[in-house]
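Engineer: Quick one: sequence plus predicted model below, questions after.
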Amino acid sequence: MSFNLLGIGEIVTGVGKVADDLFTSDEERLKIAQQEKQIEADLVKGQLDVNKAEASHPSLFVAGWRPAIGWIGAAAMAYQFLLYPLLIWGWALFQAKGWVPSDLQPPPVLDAQELWVILTGMLGIAGLRSFDKLQGTQTQRMAGKASQAEPG
């Protein structure tokens, strides 16, 4: 009788194949890690290329979205931390003087969680804008204004 007739040979071969599939050598792990790093580097390079193309676009609607979001974030922070406290103080004063009806509620405060999202996004965009400036990928319109407003 052959070993193969009992199916033991196939079982041993199958178990060996499963064990080989489960075991990853250090060399294989290193190769996989290098491939993952290369993929990540390619993704970052692709995003940088997109950022450069956007920043160098002549249309303010394409190149100006980052500064616009920055201004919106700055306006939200100014409202929340400068204007709103003064507004509440003035609101109470005006109600005490009778200039504002006592049952009229003051304007709403902004949600702090949303402000943190705006703030962190704004800081990230400011970093990207600085990178664009360092790379020299400003639009002509923005570059003209920047050279007038900023030395160097």
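Structural biologist: Alright, I've got the coordinates.
Engineer: In this structure, what residue spans correspond to helices?
Structural biologist: Taking DSSP state H as the criterion, the chain carries its helices at 8-22, 26-55, 60-63, 65-78, 84-97, 112-135, 140-149.
Engineer: separation between Ala68 and Asn51?
Structural biologist: Distance of Ala68 to Asn51, computed by Cβ to Cβ, to the nearest Å: 16 Å. All C-beta atoms are positioned from the backbone trio N, CA, C, and that covers glycine.
Engineer: Between those two, point out the one with more neighbours.
Structural biologist: Asn51 (17 against 12; other Cβ atoms under 10 Å).
Engineer: Retrieve the pLDDT associated with that one.
Structural biologist: Asn51 is assigned 71 on the pLDDT scale.
Engineer: again, but for the one 5 residues further on
Structural biologist: According to the predicted model, the pLDDT of Ser56 comes to 74.
Engineer: Then the one 3 residues further on?
Structural biologist: Ser59 is assigned 71 on the pLDDT scale.
Engineer: now Arg129
Structural biologist: 66.
Engineer: same thing with the one 5 residues further on?
Structural biologist: pLDDT, Leu134: 72.
Engineer: Now do it against Gly127, distance only.
Structural biologist: Distance from Leu134 to Gly127, by Cβ to Cβ: 11 Å.
Engineer: what do you get for Lys97?
Structural biologist: 47 Å.
Engineer: got it, and Leu43?
Structural biologist: For Leu43 relative to Gly127 (Cβ to Cβ), the value is 18 Å.
Engineer: can you check Val117 too?
Structural biologist: 16 Å.
Engineer: One more: Gln95?
Structural biologist: 43 Å.
Engineer: which of these two has more neighbours?
Structural biologist: It is Gln95, of Gln95 and Gly127, that has more neighbours when counted by other Cβ under 10 Å, with 15 against 10.
Engineer: Check what pLDDT the more buried one gets.
Structural biologist: 92.
Engineer: What of Val100?
Structural biologist: At Val100, pLDDT is 90.
Engineer: how about it, what does it touch?
Structural biologist: 91, 94 (Cβ atoms under 8 Å, 6 or more residues apart in numbering).
Engineer: repeat that with 10 Å
Structural biologist: 90-94, 106 (Cβ atoms under 10 Å, 6 or more residues apart in numbering).
Engineer: Then Ile118?
Structural biologist: Here Ile118 is in contact with 69-70, 72-77, 80, 110 (Cβ under 10 Å, 6+ apart).
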